[in-house]
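S.K.: Provided below are the primary sequence and the corresponding predicted coordinates.
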Amino acid sequence: MKKGKLRFMALLLSGLAAVSMAACGSDGSDAGGSDRKAKEFVWVPEFVELADEDVSYYDMQVMGDALYYSSGSWNEETQNYEQYIKKYSLTDKTTQELMIPMETNENTEDGSYSGQSVHGFVALEEGIGVVLNTYRSSANGEYESWDSFVKLDASGNEIFNTDLREVMGNDEENSYIRNILADPEGNFYLVADRKVFLIDAEGNSCGAADLNMGTDSWVNAAGVGKNGKVYVGCFDYSTGESKYILSEIDFASRKVSNTYENFRSSNGERIYAGAEKDFVIHDGSTVYEYDLENQTCEAAFDWLDSDINGSFVNMVGALSDGRMIAAYEDWSTDERGIALLTKTPAKEVAQKKQILIGTMFTDSDLQAAAVKFNRSNDEYRISIKQYVDYDNYGEDTWSDAVTALNNDLTSKNCPDIVNLSNLNPERLASKGIFEDLASYLDKSENLSKEDYLENVMEAFTFDGKLVCIPKSFEMMTIAGRASDLGTESGWTLSELAAYANANPDASLFEGMTQEIMLQIFMTYNEDLFIDWESGKCSFDSQEFKELLELAARFPKEYDWSADDASEPTKIQNGEVLLSYTYIYNFDEVQLYNEIYEGDLVFIGFPSADGTGGHLLQTSAGYAITKKSDVKDGAWEFIESYLTSEQSDYDYGFSTNKNELAKMAEEACKVEYATDENGAVIKDENGEPIVIGGGYGIGYEDGWEYTYRIPTKEEVDVVLGLMENAKPSSTGSEDIIKIITEEAAALFAGQKSADEVAKIIQSRVQLFVDENS
Amino acid sequence: MSRKRKKGVEESTLEKQKLHKATKRFKKLKRSSGAFIAPSFLGVSLFFVLPFIVIIYYSMVDNPVNGDFVFLENFLSVMDNGAFQRAVKNTLSFSLVSVPLAVVLSLLLAIVLESKLPFRSQFRTFFLSPMMVPVASIVLIWQVLFHYNGAVNDFLALFGLDKIDWMKSEYAQIVVVILFLWKNLGYNMILFMAALASVPKDILEVARLESATPLKIFFHIKIRYLSSTILFVTIMSLISSFKVFREVYLLTGDYPYDTIYMLQHFMNNKFKSLDYQTLSAAAILMSLVMVVIIGILFLAENKFGKDVEG
């Protein structure tokens, strides 16, 4: 009997063990494949536009089913900017205005001025609480400013007015109020950097709750939870790693009564109670719900699924009917408004084929492109998988993200499109992961290969396959004196070293460190020391040792406070020879022309063959994976991204030749200011006033320059640089990492160039052997 | 005669019944053993056999994405790779030096501690203590000692000697051998001490009565009884020698000085660069070599230890 029982137990346990193992396997695969899972619900948006031009989307608050926001308008009569809080009813769509009683701004002839402004507000069930800033400046320049907290009823009548100098004292570390909150009992919480100041419902100061944070931490966000209690979120760095902590503030004890983990940092300073869980937060791409009891934070939905660019969402909260509300303001497209989101079973929404984009970071550009595509395409929908976890960023986060992406690329979880920003496109392309986009360009009715700059296309063509087409680019180069270096771009490392030796009293560059110099020297010179054909390195050569010694001449760390003279002044005085230059528009040539007093040449980075080396830095590039089942849809997205118009906020030059030609033409087009009759307006010297330019650059030593419209010649110089622009030949960060790691001993004076070169040779040779 | 025959028939029936019962019991036993083994079998299949099959697949395709069959091309390319050759050479030379040292030194220590020395339990604890230290701390200790500005160089400076970059020079492999021995001697020593204690005392006594010298007793009796333990310790040390990568990696990163670039470095770097096909081919070659080495060790153990086995 006993034996029988034992056998039964053994069988049961072995069965359980087998089942649990099966469950483990299942969990593992689910974790990686969740992005492809069909979603049960989607949050369908209803977009609401507020008929108010002066509305501020930065501090919108939800109270019940009403939306509160601040607004203002110029009063011609009183010559004052009047501020008020508006209450927009989400049910009957009516707006109520609550004027904030403030002192009128006064400017007197003797130079004194005074006035009041709204620092922030909190919406209440009946009325509002406002922090008002009062400022006064006397004729002799004495200035004072203080805050007061005012509670107003629903009609705008003042209930109490508390001077915050008495509440906050002279605590300089906590003098700025980041957030104003109120609990259901009517108590107020003024959240500063590391303290929460407390005021009761009658306006009496009740002290402050200290958040016990280190000097490197401060409040990130605060809000009232579903339970009516006040919570403050902040990063804790005390353990050496960043950890987000949510603290509950107890009004009675003036203390942090509880702390909660696994909360996420939010895209905004105010956090709101959720419909189902205690809080709803978002990180710019995903909306999460946080449960206080279990301390869990679960993704509710992605903004993209609701056709909203989450990067520009300022607030998200829940309404009493279960809907969510979001306020957004996209300054790149001038789109702004309110979205009311209703949870809807996915089957009730038109189904589209999913295109998954894998990216290390999700930026607003990518989200904007995806939103635009999702809104306009009936067949496909973009979703994004970000591999880097911002909230738990540590030493291994990047390598973990690369490993996760690699695993996905080789498994059934492979994204359809990969954003190659921050990745090594050559290494990935060599694994045969990507489609050749040239064939898609050949078939395209909107684009052709000839539309794009040859050197940009060449930079992303590996083994004859074009893996991505970046939309824009910028350039880095080196500027110098044409009288010293000649008028043509291009030189070698030896020529650079000779130039430095010929000018022993001058510094090659301003503000450069040994490490940056090594990187500059290696930008185009990897081939000088590595022969990939034979797989041999020569980092123990005399030439490399001289390069190390040249870099060692620069300071380890540049002391920016040591000298007041600016780089332009030093260049003009002959103390500095070269300038590390960043060219992202057509205006920069005139600035360097001025710095070098007309004696300018963009000599470029030294290269092994002595040709002009202007470093090409491209924007995001999207590659289609071979494993994708929706390649046509993926190409549609890339095509839509490439054909979208450059916004005013986009940096850099277009890679599209036609667009670039338009940009060049626009850049040197001179337009004159005209009056209402179309007549050209002239300045006091009788010269017509030119539109554009006028902005400038100034240094502490007084050197300054005001930009004008660039000339055709200056635009041509930039276009000329583009012809020689190419990406760095340093294929791997590993090589630069080894060189800088080992060179540190030379820079510290601990080892000779011979010793360092020998170690570099040994280590880089392994890398070359592995990859050749 | 007939009674005899009857008796014979009865006996044979009884035997048959007994045999039947035994077979039934054996079958039951087999079934229950199977149930006990099932979880391990499943685990081994899932986490070892299945991945090994996947590795064989990867080793014969052009890359994990295309999956085009290339048969032995990856093996040929790996064998032709300079980094792989160096890694094999370094790993073999390290194992050839460190494994015999780990076996011989721990055996010597076990013999010394077996005699009635003062403070023997303290010595035992001293040699076992590295096992209790986490890898991260071991690496920290070694960095403090063998860094260019570390304690060993400071000590050498007292005698006017120049600094040595221990981890980035030809001395690097010596440092790693010392680290390996420091970490593994204690465990091996305990195994040998247990084996020495199980050598039959009567045989040793007879040998002593027969005027055998301690050296003769050691080589002709003890070593024979220790043969299976020596085999076990050698295999364990060999496996540990392949695993020394962990410490080397934490000390020196992906691309160390070439004398301490191990096979695991090669595989780790290939994994990072998504070269699964090369990594798989290298792993299979390595496992084949391991099988051969362990097979040879088993043969040796059979030859030298069979006369003392039960």
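M.R.: Good, I have the coordinates.

S.K.: and stretch A:197-206, what's buried?
M.R.: Residues of stretch A:197-206 classed as buried by neighbour count (16 or more other CB atoms under 10 Å in any protein chain shown): A:197-199, A:203, A:205. Every residue, glycine included, has its C-beta placed from N, CA and C.

S.K.: actually stretch A:573-580, not the one I typed
M.R.: Buried-residue list, stretch A:573-580, by 16+ other CB under 10 Å: A:575-580.

S.K.: hmm, which two among the buried residues of stretch A:197-206 are most spread apart?
M.R.: Greatest spatial distance among the buried residues of stretch A:197-206 (CB to CB): A:197 and A:203, at 12.6 Å.

S.K.: hmm, back to that, between the buried residues of stretch A:573-580, which sits nearest residue A:335?
M.R.: Closest to residue A:335, out of all of these and judged by CB to CB, is residue A:580, at 37.7 Å.

S.K.: what's the helix or strand for that closest one?
M.R.: For residue A:580, the host element (DSSP states H and E) is strand A:579-583.

S.K.: what residues does that strand touch?
M.R.: Contact with strand A:579-583 is made by A:474-480, A:509-510, A:512, A:520, A:567, A:571, A:588-589, A:592, A:595, A:602, A:614, A:718, A:721, as judged by CB atoms under 8 Å, 6 or more residues apart in numbering or on different chains.

S.K.: could you show which parts of the stretch 301-450 of chain A are in contact with chain B?
M.R.: A:399, A:402-403, A:406, A:409-410, A:414, A:427-428, A:431-433 (CB under 8 Å from any CB of the partner chain).

S.K.: could you rerun that using 10 Å?
M.R.: A:399, A:402-403, A:405-407, A:409-411, A:414, A:424, A:427-428, A:430-434 (CB under 10 Å from any CB of the partner chain).

S.K.: please convert the buried members of those into ChimeraX selection syntax.
M.R.: In ChimeraX syntax, the buried subset of these is picked out as below (16+ other CB under 10 Å):
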select /A:402,405,406,409,410,414,427,428,430,431,432,433,434
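
S.K.: give me the low-pLDDT residue ranges for the stretch 151-300 of chain A?
M.R.: Residues of the stretch 151-300 of chain A that meet the criterion pLDDT under 70 lie in A:240.

S.K.: just the strands from it, written as ranges.
M.R.: Using DSSP state E, counting those that start in this stretch, the strands found in the stretch 151-300 of chain A span residues A:158-163, A:179-182, A:188-191, A:195-199, A:205-210, A:219-224, A:230-236, A:243-250, A:255-260, A:270-271, A:279-282, A:286-291, A:296-302.

S.K.: against which helices or strands is the first one packed?
M.R.: In terms of contact count using 3 or more CB pairs under 10 Å, 6 or more residues apart in numbering or on different chains; DSSP states H and E, strand A:158-163 is assigned the packing partners strand A:128-137, strand A:143-152.

S.K.: please apply the same query to the second one.
M.R.: The elements that strand A:179-182 packs onto, with contact taken as 3+ CB pairs under 10 Å, 6+ apart, are strand A:61-63, strand A:113-123, strand A:128-137, strand A:188-191, strand A:195-199, strand A:219-224, strand A:230-236, strand A:270-271.

S.K.: which of these is buried the deepest?
M.R.: Ranked by mean neighbour count under mean count of other CB atoms under 10 Å in any protein chain shown, the helices and strands packed on strand A:179-182 are led by strand A:270-271, which reaches a mean of 28.

S.K.: just give the strands next to it in its sheet, each with its orientation.
M.R.: strand A:219-224 (parallel) (DSSP bridges).

S.K.: now the partner strand against strand A:113-123, angle please.
M.R.: 60 degrees (axes from the mean of the first three to the mean of the last three CA atoms, to 10 degrees).

S.K.: from the chain's centroid, how far away is strand A:219-224?
M.R.: Relative to its chain's centre, strand A:219-224 lies at 22 Å (CA atoms, centre = their mean, to the nearest Å).

S.K.: same thing with stretch A:622-630?
M.R.: The answer for stretch A:622-630 is 26 Å, by CA atoms, centre = their mean.

S.K.: show me which residues of it are buried.
M.R.: A:622-628, A:630.

S.K.: that one near chain B anywhere?
M.R.: Yes: judged by CB under 10 Å from any CB, stretch A:622-630 comes into contact with chain B at A:625-627.

S.K.: a markdown table for those residues, including pLDDT?
M.R.: What follows is the residues of stretch A:622-630 next to chain B, written out as a markdown table (pLDDT from 0 to 100):
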| residue | pLDDT |
| --- | --- |
| A:625 | 95 |
| A:626 | 92 |
| A:627 | 90 |
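
S.K.: now those residues as JSON lines including secondary structure and distance to residue A:42?
M.R.: Formatted as JSON lines, the residues of stretch A:622-630 next to chain B follow (DSSP: H, G, I helix; E, B strand; the rest coil; distance: CB to CB, whole Å):
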{"residue": "A:625", "secondary structure": "strand", "distance to residue A:42": "25"}
{"residue": "A:626", "secondary structure": "coil", "distance to residue A:42": "30"}
{"residue": "A:627", "secondary structure": "coil", "distance to residue A:42": "26"}
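
S.K.: of all the residues in the stretch 1-150 of chain B, which ones are close to chain A?
M.R.: Counting by CB under 10 Å from any CB, the stretch 1-150 of chain B sits next to chain A at B:28, B:31-32, B:34-43, B:46-47, B:58, B:62-68, B:81-87, B:148-149.

S.K.: at 6 Å instead, please
M.R.: Counting by CB under 6 Å from any CB of the partner chain, the stretch 1-150 of chain B comes close to chain A at B:32, B:35, B:38-39, B:42, B:63-66, B:82-83.

S.K.: tell me where the model's unsure across chain A.
M.R.: For chain A (pLDDT under 70), the answer is A:1-38, A:240, A:391-392, A:563, A:646-650, A:693, A:729-731.

S.K.: middle-most residue in it, spatially?
M.R.: Closest to where the C-alpha atoms of chain A average out (CA atoms, centre = their mean) is residue A:363, at 6.3 Å.

S.K.: next one: phi and psi at that residue?
M.R.: Main-chain dihedrals, residue A:363, degrees, to the nearest 10: phi -110, psi 170.

S.K.: quick one, what contacts it?
M.R.: Residue A:363 makes contact with no residue, according to CB atoms under 6 Å, 6 or more residues apart in numbering or on different chains.

S.K.: and the residue of the stretch 401-550 of chain A nearest chain B?
M.R.: Taking CB to the nearest CB, chain B has its nearest neighbour within the stretch 401-550 of chain A at residue A:410, 4.0 Å off.

S.K.: just name the shakiest helix or strand of chain B by mean pLDDT.
M.R.: Ranking every helix and strand in chain B by mean pLDDT, DSSP states H and E puts helix B:2-44 at the bottom, with a mean of 76.

S.K.: now residue A:547: which helix or strand?
M.R.: helix A:542-552.

S.K.: kindly report the same for residue A:601.
M.R.: strand A:600-602.

S.K.: mind checking the SS state of residue A:677?
M.R.: coil (DSSP: H, G, I helix; E, B strand; the rest coil).

S.K.: sorry, that was for residue B:215
M.R.: helix.

S.K.: any idea how far it is from residue A:694?
M.R.: Between residue B:215 and residue A:694 the computed distance is 99 Å (CB to CB, to the nearest Å).

S.K.: between these two, who's got more neighbours?
M.R.: Ranked by neighbour count (other CB atoms under 10 Å in any protein chain shown), residue B:215 and residue A:694 place residue A:694 first, with 11 against 8.

S.K.: ok but that one is inside a helix, no?
M.R.: No: counting by three-state DSSP, one finds residue A:694 to be coil, located in no helix.

S.K.: of all the buried residues of stretch A:622-630, which comes closest to residue A:669?
M.R.: For those, the nearest to residue A:669 is residue A:622 (32.2 Å; CB to CB).

S.K.: that closest one against residue A:637, yeah?
M.R.: No: in this structure residue A:622 lies outside contact range of residue A:637 using CB atoms under 6 Å: 7.4 Å.
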